[in-house]
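J.: return atomic coordinates for the entry below.
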Amino acid sequence: MRSVLQAFLAGLIIAAVWGYFTDLRHGNTTGFLIKIIIIPIGFVFVEMIQMLISKKKK
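T.: Numbers count the residues shown, from 1 in each chain. Now for the predicted structure:
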């Protein structure tokens with residue numbers, strides 16, 4: 001479960017930096033909020049799939 005938290009935090013950091021430079025600097029708060037929500041969820045989804053695949057291989 002620790003890897004899921006790490007994936008979420010990595011996605012959140014990437015989304016915050018990316019969203020700041022692409023959206024917030026230009027006043028688009030909606031785009032920033034969408035990035036903050038969607039990207040970490042995607043990172044967690046990919047991590048969960050990797051965990052399921054590695055579990056099936058054992």
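J.: so what secondary structure elements neighbour the longest helix along the chain?
T.: The helix of greatest length in the chain, counted in residues with DSSP state H as the criterion, is given as helix 29-57. Counting by 3 or more C-beta pairs under 8 Å, 6 or more residues apart in numbering; DSSP states H and E, the packing neighbours recorded for helix 29-57 are helix 2-22. C-beta coordinates here come from the backbone N, C-alpha and C atoms, glycine included.
J.: packing partners of the helix it packs on?
T.: Packed against helix 2-22 by the contact rule (3+ C-beta pairs under 8 Å, 6+ apart) you find helix 29-57.
J.: same question for the longest helix of the chain, mean pLDDT?
T.: Per-residue pLDDT values over helix 29-57 give a mean of 94.
J.: can you give me the buried ones in it?
T.: For helix 29-57, the buried set under the neighbour-count rule, 16 or more other C-beta atoms under 10 Å, comprises 32, 35-36, 39-40, 43-44, 47.
J.: quick check, nearest of the residues you listed to residue 16?
T.: residue 36 (6.6 Å; C-beta to C-beta).
J.: ok, that closest one to residue 42 distance?
T.: According to C-beta to C-beta, to the nearest Å, residue 36 and residue 42 sit 12 Å apart.
J.: so for this structure, the centremost residue is which one?
T.: Nearest residue to the geometric centre of the chain (C-alpha atoms, centre = their mean): residue 40, 1.9 Å.
J.: mind listing what that residue touches?
T.: For residue 40, the contacting residues are 7-9, 11-12, 15, by C-beta atoms under 8 Å, 6 or more residues apart in numbering.
J.: now it. Nearest residue, chain neighbours left out?
T.: Of all residues not flanking residue 40 in the chain, residue 11 sits nearest, at 3.5 Å (C-beta to C-beta, 6 or more residues apart in numbering).
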